[in-house]
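Trainee: Structure for this input, please:
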Amino acid sequence: MDQLDMEILGCLQENARLSASKISRKVNLSISSVLERIHRMEEQGVIQRYTAIVDQTKLGRPLMMLMGVSMASPQFYERFEEKIKAEPDVICCEYLTGNMDYLLRVTAQSHQHLQDLHHRIAMMEGVASITSYYVLKSVKDE
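Mentor: The predicted structure follows:
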């Protein structure tokens, strides 16, 4: 990875639909070189996938909460992760070090929806405690 690769990545992170010709103009490199570098980064796993960033409020899910989940024992981790992957209201799940085992980002339509989700997660086997944080505003989300 060199500086040109980083610049190409920056362009794709800003807009993954940007054409190779537009990227080539931004980084001052030929289109074929840009495509070659992108393909190499895909093969190496630097670029793992292309995705859309969705405005949850436009989907009728204006409420966001972060939930720190502590498990009773590591024996419950695998089953918990399977259930969380199947939970449509959880948009991100991170396994952590420190005082909690997982940090979840969840979205909801209403406070009742958040309460129901909180209850479902709290009732999952092995969940010892949940610490919740209501998100007031996302400052940076990349």
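Trainee: how about the nearest residue to the spatially most central residue of the chain, chain neighbours excluded?
Mentor: Closest residue to the average C-alpha location of the chain: C92 at 4.9 Å, with C-alpha atoms, centre = their mean. Of all residues not flanking C92 in the chain, R105 sits nearest, at 3.9 Å (C-beta to C-beta, 6 or more residues apart in numbering). Where you see a C-beta, it was placed from the backbone N, CA and C, and this is true even at glycine.
Trainee: pretty sure the one you found contacts V69?
Mentor: No - applying C-beta atoms under 8 Å as the test, R105 and V69 come out as separate, 11.8 Å apart.
Trainee: can you map out the strands along this structure?
Mentor: Applying DSSP state E to the chain gives strands spanning 63-71, 90-95, 102-108, 127-134.
Trainee: The nearest residue to S138 once chain neighbours are set aside pairs with what?
Mentor: Counting by C-beta to C-beta, 6+ apart, the nearest residue to S138 once its immediate chain neighbours are dropped is M64, at 7.4 Å. For M64, the beta-bridge partners under DSSP bridges are T107.
Trainee: hang on, the earlier thing: which one of R105 and V69 is surrounded by more residues?
Mentor: V69 (23 against 19; other C-beta atoms under 10 Å).
Trainee: ok, the closest residue in space to that one that isn't next to it in sequence - contacts?
Mentor: Of all residues not flanking V69 in the chain, Y102 sits nearest, at 4.3 Å (C-beta to C-beta, 6+ apart). Contacts for Y102 (C-beta atoms under 8 Å, 6 or more residues apart in numbering) come out as 68-69, 71, 80, 84, 93-96.
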